[in-house]
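Trainee: what's the 3D shape of this:
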Amino acid sequence: MDATQDTKPGPGSGKAAALDEERRELARLACASVDALRPHLLRVSHEIHAHPELAFEERRASALLCEAISAAGLTVKRPAYGLETAFESEFGCPGGPCVALLAEYDALPGIGHACGHNLIATAALGAGLALAALGTRLPGRVRLLGTPAEERGAGKEIMARAGAFDGVGAALMVHPAGVDLTSMPCIAVADVEVSYHGESAHASAMPERGINALDALVIAYQSIGALRQHIRSTERIHGIITHGGDAPNIVPERAAGRFYVRARNAAQLATLKQRVAGCFDAGARATGARLDVRWCEPDYLELRPSWPLAQAYQANAEALGRRFFPLERLPQSVAGSTDMGNVSQRVPSIHPMIAAAPPHCTIHHPEFAKWAASEMGDRAALDGAKALAMTALDFFCDDSLRASVRAAFERAQAAKD
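Mentor: Here you go, the predicted structure:
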């Protein structure tokens, strides 16, 4: 076979080339839309950042995002899926593959947007508006979801149970960090509130009449400290005392704490929760205090990334000039938790990280909150919007990518079962 014959296009190659060219053109238009929306998007980001709201209380942020969506001529529903501060806007090609874009916008107590959720919301908003601007050329459906209460309360799980991800082929979001990563290492977590109830008494004159609830909680806390020596390196237990009494000369009648229990997956989490419950029981038995334990439902599940989608996102982000830190070089101890893990157990999902601060600056630190409203944070929000929009277009336009995403998800499901 000569060289001419060897390079002759095969059947269907012309159609494939045309589709690839269309995808590139749509990606170019989407990125141009994000650039055109820049002042508007950054105003939204800075407004959310300036007015941090806790889980389930994000009324201002939710309203601001819904106003931006409505201003673009899109229909938006709020409240949505049983949550006052959740919203939904769906648009695009009827019957086409559906991608969900997820916005988070709750803040942390005391340190505001030290997790940069204003940037997550802005990236999702920007990607959604850019895809909507494609009009009839958009080759799929977009479900833009406002998902409250990521920091506490598992808003995405609540929404999922109400049908928020029914019919969704892929769920996409991006989270700020100090480096770019294809995914965030995320493990399962349970949230537990514990309280002890004893008897008050004068701590000096009649201590024998008291039952010290604080002693019970301290014994439980120290028991957990001892337990930490004998758990897996992938497991975590950490907590705070939220109430320790009212005055030094009164035997504490009530003491309370809140703890997070983390493990690699839901099965290991269930086992560890039982061991932690034993520590709580030890405090009650030692002191005679009455114990109340409330495991906050639902648990956050481990994140199961769709690697085909994650690779597509990385290629798009690299085309914008992003450089990714190798996941294999992360210390094993680096792991968080997110209710996006619950979504990833239902539909193929990605949760990449985008550098919005220098590498030394970690999330959940007050310094990170400053970067979330900086020029570097702004750039992350805009790049995140572009990369998400381009990844959604890859999913819509590339049959082989959709097949790979589905096959990888089914293999993961089978391995789990």
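Trainee: Arg152 is in what secondary structure piece?
Mentor: In this structure, Arg152 is located outside every helix and strand according to DSSP states H and E.
Trainee: that one touches Ala55, doesn't it?
Mentor: Yes - the pair formed by Arg152 and Ala55 meets the contact definition of CB atoms under 8 Å, at 4.6 Å. From N, CA and C alone the C-beta is placed, and that goes for glycine too.
Trainee: on the three-state scheme, Leu101 is what?
Mentor: For Leu101, the secondary structure call by DSSP: H, G, I helix; E, B strand; the rest coil comes out as strand.
Trainee: excluding chain neighbours, what is closest to it?
Mentor: What sits nearest to Leu101 in space, not counting adjacent residues and going by CB to CB, 6 or more residues apart in numbering, is Ala124, at 4.6 Å.
Trainee: kindly confirm my reading that that neighbour forms part of a helix.
Mentor: Yes - according to three-state DSSP, Ala124 belongs to a helix.
Trainee: stretch 239-247: which residues count as buried?
Mentor: When neighbours are counted by 16 or more other CB atoms under 10 Å, the buried residues of stretch 239-247 are found to be 239, 245.
Trainee: correction: the previous question concerned stretch 52-69.
Mentor: The neighbour-count check on stretch 52-69 (16+ other CB under 10 Å) flags 52-53, 55-58, 60-62, 64-66, 68-69 as buried.
Trainee: swap in stretch 158-171?
Mentor: If you call a residue buried by 16+ other CB under 10 Å, then stretch 158-171 has these buried ones: 158-160, 164-165, 168-171.
Trainee: same check, this time on stretch 263-280
Mentor: Residues of stretch 263-280 classed as buried by neighbour count (16+ other CB under 10 Å): 263-264, 266, 268-269, 272-273, 275-277, 279-280.
Trainee: just to revisit the earlier point, can you list the buried residues of stretch 52-69 in CSV and add distance to Gly128, pLDDT and secondary structure?
Mentor: Formatted as CSV, the entries for the buried residues of stretch 52-69 read as follows, by distance: CB to CB, whole Å; pLDDT from 0 to 100; DSSP: H, G, I helix; E, B strand; the rest coil:
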residue, distance to Gly128, pLDDT, secondary structure
Pro52, 23, 98, coil
Glu53, 21, 98, coil
Ala55, 22, 97, coil
Phe56, 23, 97, coil
Glu57, 23, 98, coil
Glu58, 18, 98, coil
Arg60, 19, 98, helix
Ala61, 15, 98, helix
Ser62, 15, 98, helix
Leu64, 14, 98, helix
Leu65, 10, 98, helix
Cys66, 12, 98, helix
Ala68, 9, 98, helix
Ile69, 7, 98, helix
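Trainee: dump those residues into JSON lines; add distance to Tyr105 as well.
Mentor: As requested, the buried residues of stretch 52-69 are exported to JSON lines (distance: CB to CB, whole Å):
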{"residue": "Pro52", "distance to Tyr105": "9"}
{"residue": "Glu53", "distance to Tyr105": "8"}
{"residue": "Ala55", "distance to Tyr105": "10"}
{"residue": "Phe56", "distance to Tyr105": "12"}
{"residue": "Glu57", "distance to Tyr105": "11"}
{"residue": "Glu58", "distance to Tyr105": "5"}
{"residue": "Arg60", "distance to Tyr105": "9"}
{"residue": "Ala61", "distance to Tyr105": "4"}
{"residue": "Ser62", "distance to Tyr105": "7"}
{"residue": "Leu64", "distance to Tyr105": "9"}
{"residue": "Leu65", "distance to Tyr105": "7"}
{"residue": "Cys66", "distance to Tyr105": "11"}
{"residue": "Ala68", "distance to Tyr105": "12"}
{"residue": "Ile69", "distance to Tyr105": "13"}
